[in-house]
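[1] Predicted model follows, preceded by the sequence.
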Amino acid sequence: MKLTTKQLTLCAVLTALALALSYVENFLPLSLAVPLPGVKLGLANIVTVFALYALGIGQAFLILIARCTLGALFAGNLNALLFSLLGGLSAMAIMALLSRSKCLSVYGVSIGGAAAHNCGQVAAAVLTLGNTAPLYYLPLLLGVSLFTGALTGFAAGLLFRALEHTSLMKA
Amino acid sequence: MPMKRSPEVRPKPADALVALAVLLLAAALALSAWGGGRSGGLTAVISVNGQVTETVNLSRLSGPEVRELNANGYTLHVRLSPDGAEVIDSTCPNQVCVHTGHISRAGQSIVCLPARISVTLSGGAEDGVDAVLG
């Protein structure tokens, strides 16, 4: 894939933004309100939604891989890489499909992505533990993903509206 | 660098279909994974030296039962009850298994490394039906 300097720079900034959002998320512990393992807002998903629409699936994929790899390196936890990769890739695959539909807004796309992210993470937990015990949490996580998906969809919508007033995405 | 695709930022009716699909998936999974209720199908799997020695369907217990487990020179007393399991005492040196306390959810486990004994709770009964519909 050949990237222009502007595209490469934007990818780098978005990767940094996704990492920063994952970090900030730790200070907003949704798990205190909803005590489930693995429950979180998924703010980094805003970046994936934006990249899918604005830059296309190729660059969105690059950002996702860089984000997961760097995130696992910073956490010093290789096990986390499997969780974030399976979650992130599932979310992106579903959102790439859903965003092709003319009938859906960023809300529907984002909710689908949040649900797929949870499925991917539970799959990683099943692989790691070697038994299906984590499936126990999936129905609850999917319920929560309706709200977190709508919230990240709303945030992505704000971002797209704000961009209309800038020259960033102009030719 | 124009946008590849311009997004729709206002909710559309079809978004509800995505939400509905997620809810249906959650409901289907809940029926198959949770079976007869939150702790209904709880099963305790006891392993010694990596081999499963006993599988106890906790929901079938009428009250607490204490099992004595002997392995590798140590003796553990495990109390199994309909709502979970705990190691009440052990002759092992570090007492990690005793300090783990009571476990009550599928996926949780108590491990005693010196004795090489583990008690793991799993969801879903070993026998019986998975779900009843209608």
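    Sure, I can see it. Numbers count the residues shown, from 1 in each chain, chains lettered A, B, ... in the order given.
[2] and B:Ala44, how many neighbours does it have?
    Neighbour count of B:Ala44, defined by other CB atoms under 10 Å in any protein chain shown: 23. Every residue, glycine included, has its C-beta placed from N, CA and C.
[3] Just say helix, strand or coil for it.
    Following DSSP: H, G, I helix; E, B strand; the rest coil, we place B:Ala44 in the strand state.
[4] show me the residues around it that make contact.
    By CB atoms under 8 Å, 6 or more residues apart in numbering or on different chains, the contact set of B:Ala44 is B:Thr55, B:Val56, B:Leu58, B:Leu80, B:Ala85, B:Val119, B:Thr120, B:Leu121.
[5] Show me which of the residues you listed are buried.
    B:Val56, B:Leu58, B:Leu80, B:Ala85, B:Val119, B:Thr120, B:Leu121 (16 or more other CB atoms under 10 Å in any protein chain shown).
[6] which stretches of chain B aren't confidently modelled?
    Chain B contains residues with pLDDT under 70 at B:33-40, B:124-134.
[7] Does the residue nearest in space to the middle of it lie in a helix or a strand, and which?
    By CA atoms, centre = their mean, the mean C-alpha position of chain B lies nearest to B:Ala106, the distance being 1.0 Å. Assessed by DSSP states H and E, B:Ala106 sits outside every helix and strand.
[8] Quick one: neighbours of the residue lying closest to it once chain neighbours are set aside, just the number.
    Closest residue to B:Ala106 apart from its sequence neighbours, by CB to CB, 6 or more residues apart in numbering or on different chains: B:Gly123 at 3.4 Å. Neighbour count for B:Gly123, taken as other CB under 10 Å: 21.
[9] Keep only those of the buried ones among the contacts of B:Ala44 that are in strands.
    B:Val56, B:Leu80, B:Ala85, B:Val119, B:Thr120, B:Leu121 (DSSP state E).
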